[in-house]
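Q: return atomic coordinates for the entry below.
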Amino acid sequence: MDVLKWLFGGKDDGKPSPIDLAEVLTDPDAAAAVPGFPVALLPYHKAIEATRRPILAAEPLEGLSDSPAISQLGGRAWWPAGRAYPADLKGDPLALLVQVNFDDAPILEGFPDRGLLQIFIGTDDTYGANFDMPKPGQMPTPNGFACVYHEDTTGPVEKRIPTIDFNAPRTSPLFNPSDAVPLAFSRATMVMDPSDYRFEKMFPEIASDLDLLDAYDQLTIGVSAIRLGGYPTFTQTDPRAYNPEIGDVALVTVDSMDALMWGDAGAGQFLIPEPALASRDFSRTTYNWDCC
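A: Below you'll find the model as predicted:
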């Protein structure tokens, strides 16, 4: 079976066989031919590399900017004058988790090449997430978060952005949610995360072998905790396995890092169907986070 066809589209009724997934490298110097690749995984090298996808990787910057529309983690959001600010069903304002200025980022295929993408989350004990996953085709109303896209940020700016007092009972995965952390994005790539719902079917031998899984983890070291595209990271179950309506595009991943932590070192995911991303319909974004 063609791995790329299986991963990105096409029908196949059979389970991929080890030969399909691993054209074994017989060269005794194979390890030297692919430096840095775990030796234990050399038989799967070609299949693993076939899953590699481009991402925009974020790196925190020092200092602050005078522009309210920069790419940033937390802090005060840019917001256009005259538009209702994101709030939950109780009317409480949502908190900015991250905003991405595509004008200052490299182009990532399928994603906007201009404008500002913002993700707001709730300040309750679940950070606005709805963990009651619906049946396929019955997506929940996103009342605890908002994903907003502004194609143009040159207009008047709202001066009265709500100030959130992050004292109990309000909370955030960010350690200092009121302080903005500027971000710079650069091009990178990543292979499929082993928590992806497709991983076990694609790589049954690796998924069932703890030593091989440990070796695979070496391939994910260094992947940016905050990224666009690529693959999401889950610490529990990938909800797409039982709810295909969610969509396979990893719009934004915000993993635990120095500046934030989801529960006990979890990860936050914002997923969207590819047609919705293509039409810039970010209302179809699904928010999920889990932890160990």
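Q: I55: what's it in contact with?
A: By Cβ atoms under 8 Å, 6 or more residues apart in numbering, the residues touching I55 are L108, R187, A188, T189, M190, V223, S224, R227, L228, G229, G230. Heads up, the C-betas are built off the backbone N, CA and C, glycines and all.
Q: recalculate using a threshold of 10 Å.
A: Contact analysis of I55 by Cβ atoms under 10 Å, 6 or more residues apart in numbering lists 108, 185-190, 223-224, 227-231, 250, 253.
Q: again with R76
A: R76 touches P68, L96, I161, P162, T163, I164, S178, D179, A180, counting by Cβ under 10 Å, 6+ apart.
Q: could you check how far the residue sitting nearest the centre point of the chain is from V98?
A: Geometric centre of the chain, nearest residue: T253, 2.1 Å, by Cα atoms, centre = their mean. Noted for T253: a distance of 10 Å to V98, by Cβ to Cβ, to the nearest Å.
Q: list residues touching both of these two?
A: With Cβ under 10 Å, 6+ apart as the test, T253 and V98 both reach A58, I226, L228, G268, F270.
Q: so which strand or helix has the last one?
A: Secondary structure assignment for F270, by DSSP states H and E: strand 267-272.
Q: so what strands line up beside that strand?
A: strand 249-255 (antiparallel), strand 286-290 (antiparallel) (DSSP bridges).
Q: for the last one, what does the pLDDT average out to?
A: Right, the one you point to is strand 286-290. The pLDDT scores in strand 286-290 average 92.
Q: compute the first-to-last residue distance for stretch 270-289.
A: Taking Cα to Cα, to the nearest Å, stretch 270-289 runs 9 Å from one end to the other.
Q: circling back to that earlier point, how about the strands paired with strand 267-272 in a markdown table, adding distance to Y149?
A: Formatted as a markdown table, the strands paired with strand 267-272 follow (distance: least, Cβ to Cβ, whole Å):
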| stretch | distance to Y149 |
| --- | --- |
| strand 249-255 | 10 |
| strand 286-290 | 15 |
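Q: all helices for the protein, in order.
A: In the chain, the segments counted as helices under DSSP state H are 3-8, 18-21, 30-33, 45-49, 199-202, 204-207, 210-220, 274-278.
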